[in-house]
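Chemist: quick one, what's the 3D model for this:
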Amino acid sequence: RRDGDRGRVEMATEALIQGPGLHVEQPPEFEHDFGDPEVVAKVQRGEDLGKGPQADGMPGAIHESAALLLAATCTYEHVRNLRVYSGLLELGNFFETLLKYGPPLRVLELAG
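Modeler: All right, here's what the predicted structure looks like:
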């Protein structure tokens, strides 16, 4: 819109986002069940509880191969607008893999 008094043009502050969008972030860290006697015993012995099922090599571990799943999901669902939060960007080659195997995107936002 034009400001008649000052003769300047103001740009829209928000862009028009068209098509499906997706926000993706890393799941929260595993929380141990301190009601479990086995967990309590480990704490009392001073043992490290680790990451539980999210430990490296476990089925619940989060690593850069999650980018392949995300790329496939975005392709299948025709996602063209994607917002990726920082936790995932820190995983090895996550970002490179996502860009290589994912669909063309109109909007890619890297949130901190």
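Chemist: what's the local residue count around the nearest residue to V40 once chain neighbours are set aside?
Modeler: In this structure, V40 finds its nearest non-sequential neighbour in F34, 6.4 Å apart by C-beta to C-beta, 6 or more residues apart in numbering. (C-beta placed from N, C-alpha, C; glycine too.) A count of nearby residues for F34, using other C-beta atoms under 10 Å, gives 9.
Chemist: pretty sure F34 is touching K42, no?
Modeler: No: with contact defined as C-beta atoms under 8 Å, F34 does not reach K42; the gap is 10.3 Å.
Chemist: quick one on the thing from earlier: how far away is the residue nearest to V40 from Q44?
Modeler: Relative to Q44, F34 is positioned 11 Å away (C-beta to C-beta, to the nearest Å).
Chemist: ditto for P20
Modeler: Distance from P20 to Q44, by C-beta to C-beta: 50 Å.
Chemist: state the number of residues packed around the nearest residue to H78 once chain neighbours are set aside.
Modeler: Once flanking residues are discounted, H78 sits nearest to P20: 5.8 Å by C-beta to C-beta, 6+ apart. P20: 12 surrounding residues under other C-beta under 10 Å.
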